[in-house]
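Novice: I'll drop the sequence and a predicted model, then ask my questions.
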Amino acid sequence: MAKVYLVFTTNHFPCLTLIVVLPIFAGSLIFFLPHRGNRVIRWYTICICLLELLLTTYAFCYHFQSDDPLIQLVEDYKWIHFFDFHWRLGIDGLSIGPILLTGFITTLATLAAWPVTRDSRLFHFLMLAMYSGQIGLFSSRDLLLFFLMWELELIPVYLLVSMWGGKKRLYSATKFILYTAGGSVFLLMGVLAIGLYGSTESTLNFEILANQSYPMALEIIFYIGFFIAFAVKLPIIPLHTWLPDTHGEAHYSTCMLLAGILLKMGAYGLVRINMELFPHAHSLFSPWLMIVGAIQIIYAASTSLGQRNLKKRIAYSSVSHMGFIIIGIGSITDMGLNGAFLQIISHGFIGAALFFLAGTTYDRIRLVYLDEMGGIAIPMPKIFTMFSSFSMASLALPGMSGFVAELIVFFGLITSQKYLLMTKLLITFVMAIGMILTPIYLLSMLRQMFYGYKIFNVPNSYFFDSGPRELFLSISIFLPVLGIGMYPDFVLSLSVERVEVILSNFFYR
Amino acid sequence: MEQTYQYAWIIPFVPLPVPMLIGVGLLLFPTATKTLRRMWAFPSILLLSIVMIFSTNLSIHQINSSSIYQYVWSWTLDNDFSLEFGYLIDPLTSIMLMLITTVGIMVLIYSDNYMAHDQGYLRFLAYMSFFSTSMLGLVTSSNLIQIYIFWELVGVCSYLLIGFWFTRPPAANACQKAFVTNRVGDFGLLLGILGFYWITGSFEFRDLFEIFNNLIYNGEVNSPFVILCAALLFAGAVAKSAQFPLHVWLPDAMEGPTPISALIHAATMVAAGIFLVARLLPLFIVIPYIMNFISLIGIITILLGATLALAQKDIKRGLAYSTMSQLGYMMLALGMGSYRSALFHLITHAYSKALLFLGSGSVIHSMETLVGYSPDKSQNMVLMGGLTKHVPITKTCFLLGTLSLCGIPPLACFWSKDEILNDSWLYSPIFAIIAWATAGLTAFYMFRIYLLTFEGHLNVHFQNYTGIKNTSLYSISLWGKGCSKRINKNFRLLRMNNNESFSFFSKKTYRSDENVRKINRGQPFVNIVHFDNKKPFSYPYESDNTMLFPLLVLVLFTLFVGSLGISFNQEGTDLDILSKWLAPSINLLHQKSKDSADWYEFLKDAILSVSIAYFGIFLASFLYKPIYSSFKNFYLINSLFKISPKRSRWDKILNALYDWSYNRAYIDAFYTTSFTGAIRGLAQLTHFFDRRIIDGIANGVGLMSFFVGEGIKYVGGGRISSYLFVYFSCLSIFLLLYTF
């Protein structure tokens, strides 16, 4: 036993591989579980998720130095000799946040998926597979591995949406897969092109690639290719229409994963690949990025106001919030990038919680359209409270995480040396208009759902308030939101060092 | 003493445990928390009293030695960026602290009784304590970011409390309106903060002032940009203090419970805008444009608020417009650079208006037993009248508050308003005349409210009140009851509409209540509705002692708080307490030292302002004195109108004024059509664009590929004849091409 412990604590133990592989491996064991009903499967999945989360936390607590900007916990195994493909994992300050977020949100999403009874084996397996795919993506240090993980995580989402979704689930799932697979084509092309560029010895290692320089035209082409892939995922505006449909139809536990983590993969990729590998092209494109981000904030906010469907309204609100990430990435400053990172984490919590609450509300009242709802605050005060709190968090109330993230992005924009005063003024102004539009759609959503009164035709039995499970879930998301809002250094301390390293590329090359 | 300052950071956090505990309790252990119920009032009052004692201590120290104490914790996010959080205790802060705690305690005691029967009692208490926390945080904050944080938190408290009775649709609309309007102001505030950060690189008040003054002195700043930033900062204050373009939320905010109107929407939160401008006055004072702009906004608000208050039926709305007008006075004073008088008016007005609101709450409370719990009825002055007999103590308090607000000498508001009027004569005669005339209007509308509420006979009985139907057959005209019949004709249409909406609403309310009762038994958040109005001739009764006690305390404040600013000419030092209190801030502003109180000058101005106030009161009592008790007046009016040949034109003017006031100067309607309409239109447009064009392209591509696939499938269907046909046609085309 002591020996096992020793093995576990030494640095050579492949923590990351274990973390990446464990969920999908344990998930495939679900099919061998005895037929004892859904209860066993649920508990099994939850236990796996918890174990995974604990393992991740443990590994990060003991083997990760947050003041070290280098890649840590590196593992490098040669996988396919033929074209030099490595199983190369490693984390740094930028990826540790999303990994922990993934663990947290996925665990809660499996808890949220409690009511799923139809084909629950497959459902839970897919959840766990997604878990693996996401962690693998965030921790991969090899471009091809990155792509593989990116694709690995699409299939579970497609199945989850198409099998457990709402009425138009097939349409949405197809749309999702077409959009994202279309984006992946560009990703694959980019990966292959980079791999084939160095004719003498092709490499896909991030570290080596980060120091490589390309001819300007080639770099721009690479940049655009990767950008399209990530723009579909993030989403950035003309490519966003898969998101409201998918979110509108998916089961709310899937929505939590989609809004909480999947969207963040786009942002992560944008920083990890586009910023790190192509600094010149990025500094060339960043003004356009800012403009697109500013337009996206306004555009998505006002579209959200025009939505009748509750889930679509929230979906558009997350599109609008992604605009802040884009602006943060585009304003090549320390603060802007830190703000974008914080917004990734913060929106991961808030978006997931809002979709969860919308889903539970839908389960009770069975109404989709906002103008049919009304007056449900009286039977469901707890859901009302939580919904109000998260709406406030989403509209950037000070003291909650959204506010800090947006404020830091604002500062990043203001202190940016790159832009002229007028540009900065204009973009700040447009962003701030988004600040007015956000409460309009969120509060009118609250008003239409909860305020007022209404006589329901549905039998009374549907109207029970949120139970302990749901309450636990929303509170456990709410606490980190508050915590980050009060003391953002929790998250920022992880990323600050790494962000400096990334940005140093822009000044010394 | 140093220790007191050192521990001053605790001030905002002292009342915080109550909302936290109640919130956690209500979520996790609802039944246990609810059984404690009234017990929760004690800790919240106790904690607020501790803060009060603490801040009294600070204030005394400030008066004696007037030092500015600042303590800052730096909070580094990054190498090149550090936020600092801290607190700043200076005279302004200590004044606000005293104000918030004293009014807060009174309102808490009051609301213990006022809200006692409400199901949301605990929620109310939690919101109130949270509001105290954030307001205390706002006034003690030492930099702009901190101000912004608490600014938003106060706004949220206001949102939650306005929408406290969320089953009422008007309350739901009002709270959203309040939040969004305030957000427009916050938008300006945030941009202003960012702009000044860009200019000076600091958020700290004192650094900011210093750097900025240096920059101005050296002429290194781009002045249009500075003016823009300052105007944006001011926009925050405009929204919070309900100044002219963004005042629309305040009257609607009266949908909240009355104690809230007293605490948040009269005494403290709406004064936050004044506080902000006062805090940033060293910044604004070097930009003359912005000072003129501030005073212009102030004077517009004064006039607008007063004219809008003239014809309100709802007692609280009338008071709300009056609040707006009085805030305009403060803004005017700040725009004129007279820091001291603005703060003086802030203090006196806070106590007087809190007294008035609590008094009106007491009236509403006693009316509710008669007419039911609909705010359209219990707050309707049409149904009141003659309450003197039934609620004598409330009446006395309300009268004193009214007199104070009118500016009748021994009471508080006289001193401060007089000072503002004095200063305005020096500043600009036109503004002074407007402000002076508005003082008369103030007296008029305040006495209109007083007379309609307390004099005459109880109109509920007078109108043979039977239930829902007949309530609003009678409406008050602007110029009194004497000529109501005449105006009846003119306003038939308006009133009919009212009537319909009225009965419609009450019907809906009843349904909702039944609904509520059916669906859930004993769930929180529902107002208990008693249907006591079965007895046709019950009388309103005086409120409980718990409610009267705060009223009486506030009466004391109203009587004596004016003495803060009266200069005592003795022992050679003619400094009053307030000047002594504010000495460092005034010195900071490099103001010309006030010439020693010239009694002759003072008396002249005082007589002028008091005379216009008396004129307003006289006019009001002339017009609104109940008919039966003063036949003479009635005849006089009649004869007056008979004599006057231009009666029809006079009528028209009156009607126009009435319309103006009743429709809230058409500003709300304008906003509804323009801004709300525009945003809706934009939403529809983008939604359409999103659905039809962006999504349409995607779907079109999908559809096209489908058709292409089908076409290819059809072509490649395996029919030999078609293959042959294609083959031969191609061949023939090639042959043709080849031959030519």
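Specialist: Cool, the structure landed. Numbering: from 1, shown residues only, chains lettered A, B, ... in the order given.

Novice: got the contact list for A:Gly330?
Specialist: Residues near A:Gly330 by C-beta atoms under 8 Å, 6 or more residues apart in numbering or on different chains: A:286-290, A:293, A:336. For every residue, glycine as well, the C-beta is placed using N, CA and C.

Novice: what is the nearest of those residues to chain B?
Specialist: Nearest to chain B, judged by C-beta to the nearest C-beta, of the contacts of A:Gly330 is A:Gly336 at 10.9 Å.

Novice: which strand or helix spans that closest one?
Specialist: Assigned by DSSP states H and E, A:Gly336 falls within helix A:334-365.

Novice: let's test this: mean pLDDT of that helix, rounded?
Specialist: The average pLDDT for helix A:334-365 rounds to 90.

Novice: buried members of the contacts of A:Gly330 into PyMOL, please.
Specialist: A single PyMOL command selects the buried members of the contacts of A:Gly330 (16 or more other C-beta atoms under 10 Å in any protein chain shown):
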select buried, chain A and resi 286+287+289+290+293+336
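
Novice: ok, which of the contacts of A:Gly330 also contact chain B?
Specialist: Applying C-beta under 8 Å from any C-beta of the partner chain, the subset of these adjacent to chain B is empty.

Novice: and the two most separated of the contacts of A:Gly330?
Specialist: A:Trp288 and A:Gly336 (15.4 Å; C-beta to C-beta).

Novice: name the SS class of the residue in the stretch 1-150 of chain B positioned nearest to chain A, please.
Specialist: Closest residue of the stretch 1-150 of chain B to chain A, C-beta to the nearest C-beta: B:Ile149 (3.7 Å). The three-state assignment at B:Ile149 reads helix, by DSSP: H, G, I helix; E, B strand; the rest coil.

Novice: residue contacts, it?
Specialist: Contacts of B:Ile149 (C-beta under 8 Å, 6+ apart): A:398-399, A:403, B:137, B:141.

Novice: among these, which lie within strands?
Specialist: Among the contacts of B:Ile149, none falls in strands (DSSP state E).

Novice: okay if I get the contacts of A:Gly330 as a markdown table plus distance to B:Leu125 and secondary structure?
Specialist: As requested, the contacts of A:Gly330 are exported to a markdown table (distance: C-beta to C-beta, whole Å; DSSP: H, G, I helix; E, B strand; the rest coil):
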| residue | distance to B:Leu125 | secondary structure |
| --- | --- | --- |
| A:Ser286 | 50 | helix |
| A:Pro287 | 52 | helix |
| A:Trp288 | 52 | helix |
| A:Leu289 | 48 | helix |
| A:Met290 | 46 | helix |
| A:Gly293 | 43 | helix |
| A:Gly336 | 42 | helix |
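
Novice: got a list of what A:Ala286 touches?
Specialist: One correction, residue A:286 is Ser, not Ala. Here A:Ser286 is in contact with A:329-332, A:418 (criterion: C-beta under 8 Å, 6+ apart).

Novice: now do A:Thr241
Specialist: Applying C-beta under 8 Å, 6+ apart, the residues near A:Thr241 are A:175, A:179, B:690, B:694-695, B:698.

Novice: excluding chain neighbours, what is closest to B:Ser325?
Specialist: B:Gly305 (3.0 Å; C-beta to C-beta, 6 or more residues apart in numbering or on different chains).

Novice: rewinding a little: next SSE after the helix holding A:Gly336?
Specialist: Next along from helix A:334-365, by DSSP H and E: helix A:381-394.

Novice: and the angle for that following helix with helix A:334-365?
Specialist: 160 degrees (axes from the mean of the first three to the mean of the last three C-alpha atoms, to 10 degrees).

Novice: contact partners of helix A:381-394?
Specialist: A:317, A:321, A:350-351, A:353-354, A:357, A:360-361, A:364, A:376-377, A:400-402, A:438, A:442-443, A:445-446, A:449-450, A:465-466, A:470-471, A:474-475, A:477-478, A:481, A:485, B:26-27, B:156, B:160, B:523-525.

Novice: is there a quick ChimeraX command that grabs whichever of those are buried?
Specialist: Paste this into ChimeraX to select the buried members of these, with burial taken from 16+ other C-beta under 10 Å:
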select /A:317,321,350,351,353,354,357,360,361,364,376,377,400,401,402,438,442,443,445,446,449,450,465,466,470,471,474,477,478,481,485 /B:26,27,156,160,523,524,525
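
Novice: for A:Lys418, which non-adjacent residue is closest in space?
Specialist: Computed as C-beta to C-beta, 6+ apart, the closest residue to A:Lys418 that is not its neighbour in sequence is A:Ile332, at 5.9 Å.

Novice: now A:Gln343
Specialist: A:Ala405 (3.9 Å).

Novice: kindly report the residues of the stretch 601-740 of chain B close to chain A.
Specialist: Checking the stretch 601-740 of chain B against chain A by C-beta under 8 Å from any C-beta, the hits are B:679-680, B:682-684, B:686-688, B:690, B:694-695, B:698, B:702.

Novice: and if we set it to 7 Å?
Specialist: B:679, B:682-684, B:686-687, B:690, B:694-695, B:698 (C-beta under 7 Å from any C-beta of the partner chain).

Novice: of the residues you listed, keep whichever come out buried.
Specialist: So, by 16+ other C-beta under 10 Å, the buried ones in these are B:679, B:682-683, B:686-687, B:690, B:694-695, B:698.

Novice: any chance of the residues you listed in TSV, with secondary structure and pLDDT too?
Specialist: What follows is those, written out as TSV (DSSP: H, G, I helix; E, B strand; the rest coil; pLDDT from 0 to 100):
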residue	secondary structure	pLDDT
B:Ile679	helix	87
B:Leu682	helix	89
B:Ala683	helix	88
B:Thr686	helix	88
B:His687	helix	87
B:Asp690	helix	86
B:Ile694	helix	84
B:Asp695	helix	84
B:Ala698	helix	82
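
Novice: which helix or strand contains B:Met269?
Specialist: With DSSP H and E as the criterion, B:Met269 is inside neither a helix nor a strand.

Novice: test my guess that it contacts B:Gly155.
Specialist: No: here B:Met269 lies out of contact with B:Gly155, judged by C-beta atoms under 7 Å, at a distance of 8.2 Å.

Novice: burial measure for the residue in the stretch 151-300 of chain B that chain A sits nearest to, as a count.
Specialist: The nearest approach of the stretch 151-300 of chain B to chain A comes at B:Ala172, 3.3 Å away (C-beta to the nearest C-beta). Each residue near B:Ala172 was counted by other C-beta atoms under 10 Å in any protein chain shown, and the total is 27.

Novice: quick one: mean pLDDT over whichever strand or helix holds A:Ser302.
Specialist: For A:Ser302, the host element (DSSP H and E) is helix A:279-305. Averaged over helix A:279-305, pLDDT sits at 90.

Novice: what comes up buried for that helix?
Specialist: So, applying 16+ other C-beta under 10 Å, buried residues of helix A:279-305: A:279-283, A:285-287, A:289-305.

Novice: and the closest residue to B:Leu16 other than its chain neighbours, which helix or strand is it part of?
Specialist: Take B:Leu16 and drop its neighbours on the chain: the residue closest to it by C-beta to C-beta, 6+ apart is B:Thr133, 4.8 Å away. Per DSSP H and E, B:Thr133 falls inside helix B:121-140.

Novice: cool, B:Gly86 as well?
Specialist: Using DSSP H and E, the element containing B:Gly86 is strand B:81-89.

Novice: next SSE after that strand?
Specialist: Defined by DSSP H and E, the subsequent element after strand B:81-89 is helix B:91-114.

Novice: what mean pLDDT does that following helix get?
Specialist: On average, helix B:91-114 scores 89.

Novice: just the CA trace of it, in PDB.
Specialist: What follows is helix B:91-114, C-alpha atoms only, in PDB (Å, rounded to 0.1, in the frame of the first residue of the first chain):
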ATOM      1  CA  PRO B  91     -17.100  65.200   6.900                       C
ATOM      2  CA  LEU B  92     -19.200  64.300   4.000                       C
ATOM      3  CA  THR B  93     -19.000  60.600   4.900                       C
ATOM      4  CA  SER B  94     -19.800  61.200   8.500                       C
ATOM      5  CA  ILE B  95     -22.800  63.300   7.600                       C
ATOM      6  CA  MET B  96     -24.100  60.600   5.300                       C
ATOM      7  CA  LEU B  97     -23.400  57.900   7.900                       C
ATOM      8  CA  MET B  98     -25.500  59.700  10.500                       C
ATOM      9  CA  LEU B  99     -28.300  60.200   8.000                       C
ATOM     10  CA  ILE B 100     -28.400  56.700   6.800                       C
ATOM     11  CA  THR B 101     -28.300  55.100  10.300                       C
ATOM     12  CA  THR B 102     -30.800  57.400  11.900                       C
ATOM     13  CA  VAL B 103     -33.300  57.200   9.200                       C
ATOM     14  CA  GLY B 104     -32.600  53.500   8.700                       C
ATOM     15  CA  ILE B 105     -33.300  52.600  12.300                       C
ATOM     16  CA  MET B 106     -36.500  54.600  12.300                       C
ATOM     17  CA  VAL B 107     -37.700  52.900   9.200                       C
ATOM     18  CA  LEU B 108     -36.800  49.500  10.500                       C
ATOM     19  CA  ILE B 109     -38.700  50.100  13.700                       C
ATOM     20  CA  TYR B 110     -41.600  51.400  11.600                       C
ATOM     21  CA  SER B 111     -41.600  48.600   9.100                       C
ATOM     22  CA  ASP B 112     -41.700  46.000  11.800                       C
ATOM     23  CA  ASN B 113     -45.200  47.000  12.400                       C
ATOM     24  CA  TYR B 114     -46.100  48.100   8.800                       C
END
